[in-house]
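> Please find the sequence and the predicted model below.
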Amino acid sequence: MKDVHTPDPTFDRNGLFKSGPEAAFDEITTLAAILCATPMAVISLLDEQRQWFKSRVGVAVEGTPRDIAFCGLTVERMALTIISDAGLHPRFAGNPLVTGPPYIRFYAGAPLVMSDGTAIGSLAVLDTVPRTLCAEQQQALEVLSRQVVAQIELRSHVQRLADVLRDLSHSEELLRLSHRELELRVSERTSELIELNARLASEIDRHSSEARSSQAIIDSLPGIFYLYDRMGRFLRWNRNFEMITGYTAEEIRQLQPLDFFATEQEKELVDQRIGRAFTHGSASVEADLLTKGGKRIPYLFTGIRIEFNGQQCISGMGVDITERRSAEESLRLRNRAIQASVNAIIITDLEGNIEYANPAFERMTGYSIRETLGRNCRFLQAGDRNQAGIAAIRQAIADREESSALLRNYRKDGEMFWNDVHIAPVRDQHDEVTHFVGVLNDISAIKHYEYELERHANVDALTALANRNVLKDRIRQSIATAERHREWVAVGFMDLDNFKFINDSLGHTVGDELLKQVAKRLQACLREQDTVARYGGDEFAFVISGEKDEKTAVTLMSRILRTVELPFLVEGHKLFVSCSIGLSFFPKDGGDVDTLLKNADAAMFRAKEKGRNNFQFYTPAMNQRVTERLTLESRLRQALLRNEFVLHYQPKVDLKSGRIVGLEALLRWRPSNGEMVPPSTFIPLAEETGLIVPIGEWVLYTACAHNRLMLQAGVQSLQVAVNISARQFNTETLVHMVKDALDSTGLDSSLLELELTESLVMQNPEEAIGLLAQLKDMGLRLAIDDFGTGYSSLSHLQRFPVDRLKIDQSFVRDIGADPNDAIIARAVISLGHSLGMSVIAEGVSNYEQLAFLRENGCDEMQGFLFSMPLPVDELISLLRSNPTLAMH
Ligand SMILES: Nc1nc2c(ncn2[C@@H]2O[C@H](COP(=O)(O)O[C@H]3[C@@H](O)[C@H](n4cnc5c(=O)[nH]c(N)nc54)O[C@@H]3COP(=O)(O)O)[C@@H](O)[C@H]2O)c(=O)[nH]1
């Protein structure tokens, strides 16, 4: 291996390799290290095979093979060359100077370009960590590299001068040989010598001026330069130091380094760093430089320990970092904003690999930053890649453009969320796109809201069935399809028969739950291609399409009837409901949505009229019935105001004595301009429409008033029974209503009896017990009407404070003919008695029935056998005649 001190002789034209280290070069190298705040600096010279360090600071080796020299790149480029991280540099990553001592990671070299244009090496600064140089430091490195060149070229001049002097010495030798010639020659040579001396003086003068020029260099440096000793005395400084601090040279000589800092904290920090520079050889600190005028300027100060005039000093440089500080501050603020952003923010490379993710990303996706970095963003789609938004994003990245897209993304726990993502390219100083920044916005809540709005528009909120809008739409679509294929469309309209009763007596929570369960059963009954919708309240509708006749519709409707009939269990109540269904068909019953629905509705009313729990096909005559019903409803609404109601009274007879012991008030409607309307027609309508509440109040008041009048007229005192419907069976209103009726008529409460149907009290026994107890406390008598038709629980019955059971007339009617009815009638009598209640039979119309009831111990009866319900005047006449029931 060739010795680094023995370079190629043809190359060493300036004799640099022969000369060894020199203080003039070391001064520049040191200055470069200070200015650039690097631990290493070298003046590197190249021959064909080696690089040799003419001067070095912080570098142990004297040289390296040329092929691994960083300097080689600088010489090739003939320009300032900066390698921020050699570990990532394609040419130097595996370089032994990088992977081994001195572990170079940062390199900045300025070429040494001679006046003839050739580059012979570089002035370089080196560091063991990745970093870069600010503009001022780069400029300083270039200035110093030119100074190295100046030194080298000065050396060349001095060399040539030495050669001339050698020639001169030879001439003097010849002079001694020949005096004569000597004189001649002396005279010649003297003038030559004078000339040479003059040249030498000029060269020397030039040399000393170059030596002085280090001050000029220092003065030309962009920052401030200073040199102070251990006592803190400033020995050298540059012009900038005076200009920036505002102090004169004289004043600077009187000042100490710490005088240039305002706060105690800063003084302490700087003092500590100065001490460190003296002990460790170098140090740097950022602090505010205090000027004479009191201004504070952010500075980066670096200092290294050097020998100067035989004593240890600190030579350093200060660089104004105001711009960097404000850049850092704005960067810090931006960073803070990104960190604090509620939107997730990521930065990716051009392939979509994530290089940065903020905390909001963590919160939004559930993935930690550590799990995220380095992954391609497509992991957020978790396999759900067939999305239009992805294509849009891909195109924008290819075009290096901004774009927005809506993506289905998936959190770490697998939950899908809607990501309204916006991406934008990030460009470097050469305007090249190097990255993309993405702002992710979780709009799942908005999407959910949109979905709910849409759902609200199409879906019934309670049952989750299709609503009216969707139903109509489906009918429309089915008609269109049916027209093309010559098919039928069946439209069904269904109403729950006793829903209002349940809803009113058990409350809306129970009613709602019942509707939900009914909806589920209906869905289960129909096929996938059929539509079931909630039309409103307890009304449901169906669309059955794709059929050539009515058979399928019939099958499905039968199935619905059977299914709805089965008991429902709601909040501990076993509920029994049935339904009435009407059906209309396209094309025979109507050609459009509204006509088909209207006709199915008419058929449904017919089904109700037919006794409920059945379905009916539409016939044109039904519309007439519907019209009649609507007319009746409107007349019923006017009836109370027009005073068209009257009460008839049916006597109740004691079966032992045959005497009248009570009365039942029965409502009659005699419209002023029409025939009497039977209660079986208008009472269900009044119940459905809610009109039964004001009508019932009128009945209660009128029955009490009549009874009081009869008493005042001297008629025997009798209890009057009033029927109470489910709509009236509400604790607060009923109790008040009864109290008002008794108070305002003055009737004794013991002369009033309320009849409540078995099914009403049994639907919600607990509530019924409470209400019955309140009524009982008022002194009223209570009877359970239509007993035997409902589903009485014996345990509840025992707890009801009831005085009387009334055997339903349906059992009385066939007592002689149907053994089952006889058994039930007998059982009711026995049950009532065992519970301490009296038993009355209604609808007794013949002696056979009467005999049976008497034989079986029934207490009372009412029926046509004894008397029809009578208007009040006829009743008074009857009572005055004091009739007795004939018992045979
Ligand atoms: N909530 C209210 N309901 C009332 C009121 N008034 C009557 N009603 C209920 O209407 C239903 C029909 O009543 P109506 O047509 O009056 O029928 C009653 C009697 O007229 C009838 N009856 C009596 N004796 C006989 C008979 O021997 N044969 C026969 N076929 N019918 C007879 O029975 C009905 C008695 O009803 P009830 O005792 O209540 O069961 C009916 O459900 C009435 O309850 C009212 O003001 N409010």
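Yes, it's here.
> Could you tell me which residues of this protein lie near the ligand?
By the rule CB under 6 Å from any ligand atom, the part of the chain lying against the ligand is 650, 664, 666-667, 678-680, 683, 696, 699, 723, 725, 755, 785-786, 809, 842-845, 863-864, 869. All C-beta spots, glycine's among them, are computed from the backbone N, C-alpha and C.
> Those residues in helices, which ones?
P679, S680, I683, G696, V699, Q809 (DSSP state H).
> The first one against R670, yeah?
Which is P679. No: counting by CB atoms under 8 Å, R670 is not a contact partner of P679; they are 11.7 Å apart.
> buried sites along the helix or strand where A773 lies?
Applying DSSP states H and E as the criterion places A773 in helix 765-777. Across helix 765-777, burial judged by 16 or more other CB atoms under 10 Å covers P765, E767, A768, I769, L771, L772, Q774, L775, K776.
> Which secondary structure elements does that helix sit against?
Counting contacts by 3 or more CB pairs under 8 Å, 6 or more residues apart in numbering; DSSP states H and E, helix 765-777 is packed against helix 731-745, strand 752-757, helix 758-763, strand 781-787, helix 794-799.
> rewinding a little: so among the residues of the chain next to the ligand, which ones count as buried?
Buried subset of the residues of the chain next to the ligand (neighbour count, 16+ other CB under 10 Å): 650, 664, 666-667, 679, 683, 696, 699, 723, 725, 755, 785-786, 809, 842-844, 863, 869.
> While we're on the residue in the stretch 501-650 of the chain that the ligand sits nearest to, how confident is the model there?
Nearest residue of the stretch 501-650 of the chain to the ligand, counting by CB to the nearest ligand atom: Q650, 5.5 Å away. Looking at Q650, its pLDDT is 97.
> I figured it hits P869, correct?
Yes: the pair Q650 / P869 is scored as a contact, 4.1 Å apart, by CB under 8 Å.
> OK, contacts around the residue lying closest to C36 once chain neighbours are set aside?
The spatially closest residue to C36, leaving aside those adjacent along the chain, is V125, at 4.2 Å (CB to CB, 6 or more residues apart in numbering). Residues in contact with V125, defined by CB atoms under 8 Å, 6 or more residues apart in numbering, are A32, A33, C36, T38, M40, A41, Y107, A108, G109, L133, L141.
> quick one: which of those sit in helices?
A32, A33, C36, L141.
> Widest-spaced pair of these?
Farthest-apart pair in the ones in helices among the contacts of V125 is A33 and L141; separation 10.4 Å (CB to CB).
> quick one: contacts for V543?
V543 is in contact with L471, R474, I475, S478, V489, A490, V491, G492, D530, T531, A533, counting by CB under 8 Å, 6+ apart.
> Helix, strand, or coil at it?
strand (DSSP: H, G, I helix; E, B strand; the rest coil).
> rewinding a little: kindly indicate whether the residue nearest to C36 is helix, strand or coil.
Assigned with three-state DSSP, V125 falls in the strand class.
> List the neighbouring strands of whichever strand or helix holds G318 plus their orientation.
Here G318 sits within strand 311-320, counting by DSSP H and E. Take DSSP bridges as the rule and strand 311-320 pairs in its sheet with strand 224-229 (antiparallel), strand 296-308 (antiparallel).
> can you list these in a markdown table and add mean pLDDT and distance to R336?
A markdown table is the format used below for the strands paired with strand 311-320 (pLDDT from 0 to 100; distance: least, CB to CB, whole Å):
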| stretch | mean pLDDT | distance to R336 |
| --- | --- | --- |
| strand 224-229 | 88 | 32 |
| strand 296-308 | 84 | 20 |
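> and A110, what are its bridge partners?
With DSSP bridges as the rule, A110 is bridged to L123.
> actually A119, not the one I wrote
According to DSSP bridges, beta-bridge pairing links A119 with V113.
> List the residues that contact it.
T74, V75, M78, P111, L112, V113.
> For H573, state which of those is nearest.
Among these, T74 lies closest to H573 (CB to CB), at 94.3 Å.
> Now for Q650 and P869: what residues contact both?
Counting by CB under 8 Å, 6+ apart, the residues touching both Q650 and P869 are E664, L666.
> Just the C-alphas of stretch 631-651, formatted as CSV.
The C-alpha trace of stretch 631-651 is given here as CSV (Å, rounded to 0.1, in the frame of the first residue of the first chain):
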residue,chain,number,x,y,z
THR,A,631,-122.6,9.1,7.3
LEU,A,632,-123.6,7.4,10.5
GLU,A,633,-120.3,8.5,12.2
SER,A,634,-120.9,12.0,11.2
ARG,A,635,-124.5,11.9,12.5
LEU,A,636,-123.4,10.2,15.7
ARG,A,637,-121.0,13.2,16.3
GLN,A,638,-124.0,15.5,16.2
ALA,A,639,-126.4,13.3,18.2
LEU,A,640,-125.3,14.4,21.6
LEU,A,641,-125.6,18.1,20.7
ARG,A,642,-129.0,17.5,19.1
ASN,A,643,-130.3,15.6,22.2
GLU,A,644,-131.1,12.5,20.2
PHE,A,645,-130.2,10.0,22.9
VAL,A,646,-132.6,8.5,25.3
LEU,A,647,-132.4,5.9,28.0
HIS,A,648,-134.5,2.8,28.3
TYR,A,649,-134.6,0.8,31.4
GLN,A,650,-134.9,-3.0,31.7
PRO,A,651,-136.1,-4.2,35.1
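> quick check, distance from that stretch to the centre of its chain.
Put simply, stretch 631-651 sits 59 Å off its chain's centre (CA atoms, centre = their mean, to the nearest Å).
> What residues of that stretch count as buried?
Using 16+ other CB under 10 Å as the test for burial, stretch 631-651 gives L632, R635, L636, A639, L640, E644, F645, L647, H648, Y649, Q650, P651.
> among these, which are in helices?
Within the buried residues of stretch 631-651, residues falling in helices by DSSP H are L632, R635, L636, A639.
> Using pLDDT, spot the least trustworthy of these.
Comparing pLDDT over those, the lowest score belongs to L632 (85).
> That one and L775: what is the separation?
Using CB to CB, to the nearest Å, one obtains 32 Å as the distance from L632 to L775.
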